[in-house]
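Structural data only, the sequence is not supplied:
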C-alpha cells in the first residue's frame, strides 16, 4: 500500500509518501511554485504527478486551508484539522492530548480525547500569532529563523497586538542598543503570549506541537511551563501530509472509501 | 379551568394532579417561547447576574411574565441555584412548595419526602396511586415513541426529545397530550425506516438549542437516546410497585453512579457510537463531565449552552469534526 498525502498550506505545500506505514519521502514546495509548476486547471486542480517524479499510488489524500484550494481531482479531500489529528495520533501513539499546530498563517488548537476531536479553536481575522510573524521579525533582525529560535533568556517586552506595529516596536528596541539575544527572545516570547489566549481553554497534561513553528525551541520551552509534557513531532511541518497518508492507508483497507465515493 | 402550578423540573406530578391542579413545567414555557431572550432579560433587569445559568433566569421570567402564583421548586438533587431562586420568588409574592430528591437515595428517605409532599397537597396515597395508574397509558406510549426512535429508526431525535421532555407536565393536560401523542405515533409508524449513519446518545439536561438535533441529522447522526428526557417520562414506572419506588428509580437527581449504570445499559442496548454530553454554562453539572468521560468508554463530546437558543458556529464546527471522526471510526476501524 503506497499512499501520497498532500497538505496545501498558505506558504508551503507539503508532500509525504508512505509505503506500508513507513515514510518514504517528504518534500515541500513554495505554494506559488507548486501551483505554477505542477498543477493545471481542468474541472478542479489537476496535479502533474509525473512532473513531480511521483507515481504508483494506491491512494492519494489531500488537505489544506479553504475548500477550493484542496479541490484536487483524483484526491480524496479531508478537513485539515482531521488530517493533523490523524498525523499526531499515528506519530505519538497517544489518544488523549492537546494538539497545537502553528503554520505560516494559521493556528489550530485541538483537544483529542479517546482518539477523537472534541474541541477546536482557530485563529480568525489576524495571523499575528503565526509563522509569518517570526519570519518577518527574523528579517528585521537580519538573522536566520533557526538562530532566532534558540533564544529564550531574559526576553524584552513586545506588547503590540499587531504584527506590523510589533516590527516598529522591535526597531525601537534595536535603536536602544539592546543585545540581539534578548531581542530574539522577546520575539519568541511575544509569540508565546499571543498563543496563550487560544490555549486558555485547552489546559491538559500533554501538548503535542506541530507545524513549522514547532521547530522554535524557545517557544516549546515556554509552553513546557504550562503542560506536564510537551511533545514536538518529528518533521512537524509535515504532520498534515503525514496524517493524509495514514488516512489513505485506512481508506485503502476499509470501506470508508464508499462514503467518499457516494 | 384548573389552577396552574409551576414546576422547576420533574416532580411527583401525580400528587399535584390528585389535588386538582395542573402542573406546568416552567422550563418548557421558557424554552418554547418565541421570546426566551425576553425572559432572560426580565430576570437580569431584576438583578440576576450575568454569571448565572440561563435556565434559572428563564424560570424566573416564566413565572413573572405568565402570572404564575404557586410553584414547586426542587431544592435538592436537581440544581442548587433553584434553592436560591425559590427564595427570590417568595420575595416576589409567589407561593413556593419545596421538594427534594434526597442525596442518599434510600427507600426510606424517598418515602419520607413523598409523604411530606403529599401532605402539603392534602392528598393521600390512594388518590395519588389512582392518578399514577391513570398515567400509565401515556407512559407506555412514550416508551413506544422511544422504541420507534432507537429500535425502528422511524422517529427523529428531535421528536424523541420533544415528546419525552413534555412528559414532565404532560403539557398541563394529560388527556389532550395523550391525544397528540396518539396522532404523532400514527404518523411516525407509517414512515419508512431510516437507519442513521451514526447512533448518538444525548446525556445531560435538555438543551437550550433544539436545532442541535437537526444539525446532527444533517451530519448523518441521530440522537437515539435522550437520557434525561427519557427519565422525565419514567419508562420504568410500570415496574414500580408504588409511587415511592417510581421516584426512587429516577436517575438524574441522585448520585452519578446510579445515573451511569442506566446510561451504560442504554449504550449497550441501543448500540450507541458516541455521546453528546450537554452542560449549561455556570452549572455545577459541568463537573460531571470529568466522571462521565472517565467511566464511559465510547467517545463523548461535551457541548455547553448558555443563553442562545441556536447552535453557535464554533459548536457546529466542533460537532462536525467530532461526528466526522466518529464516522471514520465506525466505518473503518
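Nice, thanks for sending it over. These numbers were taken from a predicted model, which means no experiment stands behind them.

how much space between residue B:175 and residue B:141?
Noted for residue B:175: a distance of 13 Å to residue B:141, by C-beta to C-beta, to the nearest Å. For glycine as for every other residue, the C-beta is placed from the backbone atoms N, C-alpha and C.

out of those two, which sits in the more crowded spot?
residue B:141 (19 against 9; other C-beta atoms under 10 Å in any protein chain shown).

got the buried residues for stretch B:89-101?
Buried residues in stretch B:89-101, defined by neighbour count with 16 or more other C-beta atoms under 10 Å in any protein chain shown: B:89, B:94, B:96, B:97, B:98, B:99, B:100, B:101.

What mean pLDDT does that stretch get?
Throughout stretch B:89-101, pLDDT has a mean value of 96.

In contact with the most centrally placed residue in chain A: list those residues for me.
For chain A, residue A:211 is the residue whose C-alpha lies nearest the centre (C-alpha atoms, centre = their mean; 2.5 Å). Residues in contact with residue A:211 (C-beta atoms under 8 Å, 6 or more residues apart in numbering or on different chains) are A:100, A:101, A:102, A:103, A:131, A:236, A:237, A:239.

Can I get the buried part of these as one ChimeraX selection?
ChimeraX command restricting the contacts of residue A:211 to the buried ones, with burial defined by 16+ other C-beta under 10 Å:
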select /A:100,101,102,103,131,236,237,239
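
Also within reach of chain B: list those from the contacts of residue A:211.
Residues of the contacts of residue A:211 in contact with chain B (C-beta under 8 Å from any C-beta of the partner chain): none.

could the contacts of residue A:211 be laid out in a markdown table, adding pLDDT, distance to residue B:290 and secondary structure?
Converted to a markdown table, the contacts of residue A:211 look like this (pLDDT from 0 to 100; distance: C-beta to C-beta, whole Å; DSSP: H, G, I helix; E, B strand; the rest coil):
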| residue | pLDDT | distance to residue B:290 | secondary structure |
| --- | --- | --- | --- |
| A:100 | 97 | 23 | strand |
| A:101 | 95 | 26 | strand |
| A:102 | 94 | 29 | strand |
| A:103 | 88 | 32 | coil |
| A:131 | 90 | 35 | helix |
| A:236 | 96 | 31 | helix |
| A:237 | 95 | 35 | helix |
| A:239 | 97 | 29 | helix |
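
Looking at the contacts of residue A:211, spot the one nearest chain B.
Nearest to chain B among the contacts of residue A:211, counting by C-beta to the nearest C-beta, is residue A:101 at 13.6 Å.

just checking, the closest one touches residue A:243?
No - with contacts counted by C-beta atoms under 8 Å, residue A:101 stays clear of residue A:243, the gap being 10.3 Å.

anything in contact with each of those two?
With C-beta under 8 Å, 6+ apart, residue A:101 and residue A:243 have common neighbours residue A:84.

which residues in the stretch 1-150 of chain B form helices?
Secondary structure of the stretch 1-150 of chain B (DSSP state H, counting those that start in this stretch): helices located at B:13-18, B:26-32, B:36-45, B:54-65, B:80-91, B:107-120, B:125-150.

Kindly reformat the ones you listed as JSON lines containing distance to chain A.
Below are the helices of the stretch 1-150 of chain B laid out as JSON lines (distance: least, C-beta to the nearest C-beta, whole Å):
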{"stretch": "helix B:13-18", "distance to chain A": "37"}
{"stretch": "helix B:26-32", "distance to chain A": "25"}
{"stretch": "helix B:36-45", "distance to chain A": "24"}
{"stretch": "helix B:54-65", "distance to chain A": "20"}
{"stretch": "helix B:80-91", "distance to chain A": "23"}
{"stretch": "helix B:107-120", "distance to chain A": "36"}
{"stretch": "helix B:125-150", "distance to chain A": "22"}
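
Would you mind measuring from the spatially most central residue of chain B to chain A?
Centroid-nearest residue in chain B: residue B:229, 3.8 Å away (criterion: C-alpha atoms, centre = their mean). Residue B:229 sits 23 Å away from chain A, taking C-beta to the nearest C-beta, to the nearest Å as the criterion.

That residue: what's its closest spatial neighbour, skipping adjacent residues?
Once flanking residues are discounted, residue B:229 sits nearest to residue B:164: 3.9 Å by C-beta to C-beta, 6 or more residues apart in numbering or on different chains.

For the helix or strand containing the one you found, list every residue counted as buried.
If you go by DSSP states H and E, residue B:164 is part of helix B:157-165. Across helix B:157-165, burial judged by 16+ other C-beta under 10 Å covers B:157, B:158, B:159, B:160, B:161, B:162, B:163, B:164, B:165.

List the contacts of whichever residue of the stretch 101-250 of chain B sits closest to chain A.
Closest contact between the stretch 101-250 of chain B and chain A, by C-beta to the nearest C-beta, is at residue B:197 (8.3 Å). Shown in contact with residue B:197 (C-beta under 8 Å, 6+ apart): B:220, B:221, B:327, B:330.

residues in contact with the last one?
What it means is residue B:330. For residue B:330, the contacting residues are B:197, B:198, B:273, by C-beta under 8 Å, 6+ apart.

returning to that earlier point: and the buried residues of stretch B:89-101, which two are the farthest apart?
The largest distance within the buried residues of stretch B:89-101, taken as C-beta to C-beta, falls between B:94 and B:101 and amounts to 21.5 Å.

Look up how far residue B:200 lies from the residue in the stretch 151-300 of chain B positioned nearest to chain A.
With C-beta to the nearest C-beta, the shortest gap between the stretch 151-300 of chain B and chain A falls at residue B:299, namely 4.2 Å. Using C-beta to C-beta, residue B:299 is found at 10 Å from residue B:200.

Spit out the residues that contact those two alike.
Counting by C-beta under 8 Å, 6+ apart, the shared contacts of residue B:299 and residue B:200 are B:273, B:274, B:275.

Is the last one part of a helix or strand, or is it coil?
Here residue B:275 is recorded as strand under DSSP: H, G, I helix; E, B strand; the rest coil.

Filter the contacts of residue B:197 down to the ones in strands?
Among those, DSSP state E puts residue B:221 in strands.

could you dump the contacts of residue B:197 to a markdown table with distance to residue B:82?
Below are the contacts of residue B:197 laid out as a markdown table (distance: C-beta to C-beta, whole Å):
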| residue | distance to residue B:82 |
| --- | --- |
| B:220 | 37 |
| B:221 | 32 |
| B:327 | 39 |
| B:330 | 39 |
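
Give me the buried positions along stretch B:276-286.
B:276, B:277, B:278, B:279, B:280, B:282, B:283, B:285.

actually stretch A:109-124, sorry about that
Neighbour counts over stretch A:109-124 (16+ other C-beta under 10 Å) mark A:109-113, A:116-123 as buried.

Just the ones in strands from those, please.
Members of the buried residues of stretch A:109-124 lying in strands (criterion: DSSP E): A:109, A:110, A:111, A:112, A:113, A:116, A:117, A:118, A:119, A:120, A:121, A:122.

Among those, which ones lie close to chain B?
Restricting those to contacts with chain B (C-beta under 8 Å from any C-beta) yields A:113, A:116, A:117, A:118, A:119, A:120, A:122.

And for residue 130, the neighbour number?
By default, I'm working from chain A. Neighbours of residue A:130 (other C-beta under 10 Å): 25.

My question was about chain B, not that one.
Neighbourhood size, residue B:130 [other C-beta under 10 Å]: 14.

Spell out which residues sit in contact with it, please.
Listed by C-beta under 8 Å, 6+ apart, the contact set of residue B:130 reads residue B:18.
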